[in-house]
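**Student:** Predicted model, plus sequence, below.
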Amino acid sequence: MKKVMFTVISAALLLAGCGTSGSSGSTSTPSTGTSPAASAAPTTSAKADPVTLRVSWWGGQARHDYTLKVIELYQQKHPNVKIESEYAAFDDYWKKLAPQAAANGLPDVFQMDVSYLTQYGTRGQLEDLTPFTTSGVLNVKDIAENSLSGGKIDGKLVAMNAGSNALGGTIDPQMLKDNGITLKDDWTFGDLDAVGATLKAKGKLLAGDLRHDVYFPFYLRSVGQKLYAADGASLGYADDKAFVDYYTMYKKWYDSGYLLPLDKLAQKKGTAEDDEMVLGNAAATFAWSNQFIGFNTAAKRSLDIMKTPSWGQNKALFLKPSMFWSVSKSSKNKEEAAKFVDFLINDIDANKIIMGERGVPVSSKVKEALMPLLTPEQKKVFEYVAWAEKNASPMDPPSPIGSVEVEKLLKDTAEQIMYKKLTVEEGAAKFRKDANAILAKNKK
């Protein structure tokens, strides 16, 4: 079997959600040794025509390991199918995927993120999965429409939700208790001032940081605005007030020492093990719900999930696909690729291996089957997402082409503000002008 090596570089911890990364990646052909499902009976005749699929994903080592077990299970059930595995940390993943797309050589099945969905989906690189849902090859009858809609571009289902996520705070309850801090269910961004000050007085951080590409758009939702306009040709706001208000708060947290200094933040590897809360230096890390297990495992102590600040303001809270599975338009085995996606989403044995690490399963039958098997930590995630489902409003549409460049611009602008190279007002005007130019250029 052909082998492909992805060299892994460090990746940001919080991304469209997406699980921790930063471990070594490689190509692997699953062995035929013992696995949790080694006795699985084949469901496809061994006489069927042989098929080879390339499957690609990003993540940390734990995700790589269990995904290879899932692939092994699929090959046992479908002995005519061989799967070539390609995986990497988040940043390196997209650097490898871009030239593959340019060469019309994308993997048959690959993980997709909401930040890149429009870019790939509007350029004819993703297969419309709707015919496979109609034929039953890809079963969606146990999946709510809200869980499917996030993967649609121009009415076409080009990405299948791998699991549901919600923003939350992973907290160290013992640290908060030791410092006399009690968090309210309806806490807001404004409450972070008092919490940060109390922790700072005891030599602790509030958190490492709050990712700009996640929490500024969330803040905008809380004040009734959007980061992007509906047509994707400009930002979704014309008044800088929201930017100024948010980054005035953020700068206060930073200047007061509630967050990690930028020079130290730049040295972070983007892994759960390297997180300030995990290391015992901060009380919280603001992340997606599916990352909780990684934090809890790395911390080797009991952590909790807390509702994200300002979740109830203007119905800001939303459910987000932690990531998607897509089938490439260039695949020569689209139906077999769709079958594998169906397996990842709907097969109970497969999901007993995955155990919600890619987000809480979107299939109601899979969720029901997993509930009795969950560890206390896993149960916290499932219960949090179940609460979020009842309290969330619809997520924003997929980010437009150019959004990746806009998100980098936002981070760079915020850092210039923290370094006092720009005032908040100057940063707001500069970001709006430059971001609108990026989006207008890509809309042409």
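**Tutor:** It's in.
**Student:** Just the CA coordinates for stretch 118-126, please, in PDB.
**Tutor:** Extracted in PDB, the C-alpha atoms of stretch 118-126 (Å, rounded to 0.1, in the frame of the first residue of the first chain):
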ATOM      1  CA  THR A 118     -16.900  27.800   1.200                       C
ATOM      2  CA  GLN A 119     -13.400  27.900  -0.400                       C
ATOM      3  CA  TYR A 120     -13.500  24.300  -1.400                       C
ATOM      4  CA  GLY A 121     -17.300  23.900  -1.800                       C
ATOM      5  CA  THR A 122     -17.700  26.800  -4.300                       C
ATOM      6  CA  ARG A 123     -14.800  25.800  -6.400                       C
ATOM      7  CA  GLY A 124     -16.200  22.400  -7.500                       C
ATOM      8  CA  GLN A 125     -13.900  20.400  -5.300                       C
ATOM      9  CA  LEU A 126     -16.500  18.700  -3.100                       C
END
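**Student:** switch to numbering from 16
**Tutor:** I'll keep to 16 as the first residue from here, and by that count the last item is stretch 133-141.
**Student:** After the one helix or strand A113 maps to, which helix or strand is next?
**Tutor:** Using DSSP states H and E, A113 maps to helix 105-117. Downstream of helix 105-117, the next assigned helix or strand under DSSP H and E is strand 124-127.
**Student:** Mind listing the strands that following strand pairs with, and their directions?
**Tutor:** strand 66-73 (parallel), strand 339-342 (antiparallel) (DSSP bridges).
**Student:** What are the contacting residues of the shortest one?
**Tutor:** Contacts to strand 339-342, defined as CB atoms under 8 Å, 6 or more residues apart in numbering, come from residues 123-129, 132, 135, 141-142, 144, 165-166, 173-177, 349, 352-353, 356, 359-360. Every residue, glycine included, has its C-beta placed from N, CA and C.
**Student:** What's the mean pLDDT across the next helix or strand after it?
**Tutor:** Downstream of strand 339-342, the first helix or strand assigned by DSSP H and E is helix 349-361. The predicted model assigns helix 349-361 a mean pLDDT of 98.
**Student:** what does stretch 234-254 give?
**Tutor:** In this model, stretch 234-254 carries a mean pLDDT of 96.
**Student:** in it, what counts as buried?
**Tutor:** Within stretch 234-254, the residues that count as buried by 16 or more other CB atoms under 10 Å are 234-237, 240, 242-244, 247-250, 252.
**Student:** helices or strands up against the longest helix belonging to the chain?
**Tutor:** Ranked by number of residues, the top helix in the chain under DSSP state H is helix 439-458. Contacts defined by 3 or more CB pairs under 8 Å, 6 or more residues apart in numbering; DSSP states H and E place helix 439-458 against helix 256-270, helix 418-433.
**Student:** For D278, find the nearest of those helices.
**Tutor:** For the helices and strands packed on helix 439-458, proximity to D278 was assessed by CB to CB; helix 418-433 is nearest, at 10.6 Å.
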